[in-house]
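Asks: Next come a sequence and a model predicted from it.
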Amino acid sequence: MREFQGRNQEQNLNYTDLQDKGLKNMDMLTEPESALKIQAFDVSDKVMKQVYQKAMPKKVKIGKTHFRPRITVPIMILLFVVGASVTGYAASQYLEFRNSKGDVVLNTAKTPTETNASKTYTSTYARWNEEVRDRLKPGEYAAYYVKDDSMNQNNLSNPALFAYKPAELSSFNSLQDEIKRTEAPLFSNPTHLPDGYQFEFGYVYPSAAYPGMMDKKEYRALTDKLMQQAKAAPEGENLFIQKLSWDKSDSSFARYARGNDYVNITVTKYTPEVTKTTIMQNEQDSAEQLTIKGTKAYYIRASEASKPLEAGKNRLGWLDEKRHLHYNISDNQDSPLSKEDLVKIAEDLLNGSSQ
């Protein structure tokens, strides 16, 4: 997981983005002048991608808070940003997708540079989140609080974090049953996989337990309970966990593998208020716009001369604006696959979604 600190050129917005190898993360950041809310989600396994999603501002009075993430299985982070935009990149190097009204609904942008401070925070956060997941059984979702000043000084507004330990399902039929049970995004099993690649496992990820975070009295009550436990605990006891019940999911994940190589498919819901999605890429990566089955898609290939993002060597994705879904296909960093291999998988998914 990495934490990034950047500045929005239009609004002087400070924002933090966390990456790591673990679980889905949910936190909030607000700025009084722009009424921002950010939720971070890490929704996969060993592939990390960054996505920023912009929504229309809401007429809500919000106090100032700090952004705080959680960790889960490394794969994808989704940031839903209310009232902010991510700008300041060279349009000639990146992509823009516009709707029929001419509004940018999806683009790519340079990944912010991580700092020493972000590395330190990320390392601390990853360690605690991993410890929480180690205490959970597969399929369990929990809130937790850490008595750690190095973390909490950056998370004054939403100190209670969340962790999920995925219940990995070893058959696609079992995954489909779980998707239907939890109302997760449904997708078809690709039939044009690269030679030798087979379904390895899949899982769903819980919907945010407390959308809006500090706006919810339930979240504030949960936070107070965990902090009171921490205050009353003896010296040396620093981690406080409360398991949460859940029955709805907003993300579906499947991995297809051949030996050490794999392809990940992630489908994630986004709210109708989201108006813009930004995909992060390294400056040296190549980005290309494709049209697949009449759908505009982005394709990003990591540069051979630079270390690729955790998302792997190839990434291909698109938005289903009618169903409010974001599809992403990615592979491992040493993958032997080509753009054409991912396009065939995308064609299968698009054929399935049109039925």
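Replies: Noted; the coordinates are in hand.
Asks: I'd assumed F201 was in contact with S170.
Replies: Yes: here S170 reaches F201: they are 5.6 Å apart, a contact under Cβ atoms under 8 Å. Every residue, glycine included, has its C-beta placed from N, CA and C.
Asks: higher neighbour count, the two?
Replies: Counted by other Cβ atoms under 10 Å, S170 and F201 do not tie: F201 has more neighbours, with 19 against 10.
Asks: Let me see the contact set for the more buried one.
Replies: By Cβ atoms under 8 Å, 6 or more residues apart in numbering, the residues touching F201 are 168-170, 254-255.
Asks: Equivalent analysis for D320, please.
Replies: So D320 contacts 295, 326-327, 353 (Cβ under 8 Å, 6+ apart).
Asks: Relative to P185, how far out is it?
Replies: Taking Cβ to Cβ, to the nearest Å as the measure, D320 falls 9 Å from P185.
Asks: Of the contacts of D320 - the most surrounded one?
Replies: H326 (24 neighbours).
Asks: Now do the helix or strand hosting it, average pLDDT.
Replies: Secondary structure assignment for H326, by DSSP states H and E: strand 325-331. Average pLDDT, strand 325-331: 95.
Asks: On the three-state scheme, S188 is what?
Replies: Three-state call for S188 (DSSP: H, G, I helix; E, B strand; the rest coil): coil.
Asks: Quick one: classify the closest residue to it other than its chain neighbours as helix, strand or coil.
Replies: Setting aside the residues directly before and after it, S188 is nearest to G352 in space (Cβ to Cβ, 6 or more residues apart in numbering), at 2.7 Å. Under three-state DSSP, the three-state class of G352 is helix.
Asks: hang on, isn't G352 packed against P185?
Replies: No: under the criterion of Cβ under 8 Å, G352 makes no contact with P185, lying 11.6 Å away.
Asks: quick one, which of these two is more surrounded?
Replies: P185 (22 against 14).
Asks: For the more buried one, which residues are in contact?
Replies: Per Cβ under 8 Å, 6+ apart, neighbours of P185: 179, 250-252, 267-269, 323, 325.
Asks: And A143, by the same measure?
Replies: A143 neighbours (Cβ under 8 Å, 6+ apart): 160-162, 209, 222, 226, 241-242, 244.
Asks: so what's it bridging to?
Replies: F162, Q242 (DSSP bridges).
Asks: did I read that right, E288 in a strand?
Replies: Yes: using three-state DSSP, the assignment for E288 is a strand.
Asks: Tell me which residues touch it, please.
Replies: Residues counted as contacts of E288 (Cβ under 8 Å, 6+ apart) are 95, 298-301, 339.
Asks: give me that answer again for 7 Å
Replies: Y299 (Cβ atoms under 7 Å, 6 or more residues apart in numbering).
Asks: That one bridge partners, please.
Replies: Listed beta-bridge partners, E288: Y299 (assigned using DSSP bridges).
Asks: Would you map the helices across the stretch 151-300 of the chain?
Replies: Secondary structure of the stretch 151-300 of the chain by DSSP state H, counting those that start in this stretch: the helices cover 172-182, 217-232.
Asks: longest single helix anywhere in the protein?
Replies: helix 116-134 (DSSP state H).
Asks: Check which helices and strands that one is in contact with.
Replies: With contacts taken as 3 or more Cβ pairs under 7 Å, 6 or more residues apart in numbering; DSSP states H and E, helix 116-134 sits against strand 141-146, helix 149-152, strand 161-164, strand 239-244.
Asks: pLDDT score assigned to S100?
Replies: pLDDT, read off for S100, is 83.
Asks: Quick check: which element contains it?
Replies: Using DSSP H and E, S100 falls outside every helix and strand.
Asks: could you measure it against A184, distance?
Replies: Separation of S100 from A184 (Cβ to Cβ): 29 Å.
Asks: Check K243 too.
Replies: Applying Cβ to Cβ to K243 and A184 gives a distance of 20 Å.
Asks: More neighbours: which of the two?
Replies: Neighbour totals were compared for K243 and A184, and A184 leads with 25 against 13 (other Cβ under 10 Å).
Asks: sorry, back to before: what's the ChimeraX line that selects buried ones from the contacts of F201?
Replies: Buried members of the contacts of F201, defined by 16 or more other Cβ atoms under 10 Å, are picked up in ChimeraX with:
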select :168,169,254,255
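Asks: Quick check: of the contacts of F201, which lies closest to K119?
Replies: R255 (28.0 Å; Cβ to Cβ).
Asks: What number of residues are in the vicinity of the closest residue in space to the closest one that isn't next to it in sequence?
Replies: Spatial nearest neighbour of R255, chain neighbours left out: E200 (4.7 Å); criterion: Cβ to Cβ, 6+ apart. Neighbourhood size, E200 [other Cβ under 10 Å]: 16.
Asks: what sits against E200?
Replies: Contacts of E200 by Cβ under 7 Å, 6+ apart are 255-257, 262.
Asks: shouldn't D250 be in contact with T268?
Replies: Yes: assessed by Cβ atoms under 7 Å, D250 is found in contact with T268 at 6.4 Å.
Asks: circling back: show me the one of the helices of the stretch 151-300 of the chain that comes nearest T108.
Replies: Nearest to T108, of all these, is helix 172-182, at 28.4 Å by Cβ to Cβ.
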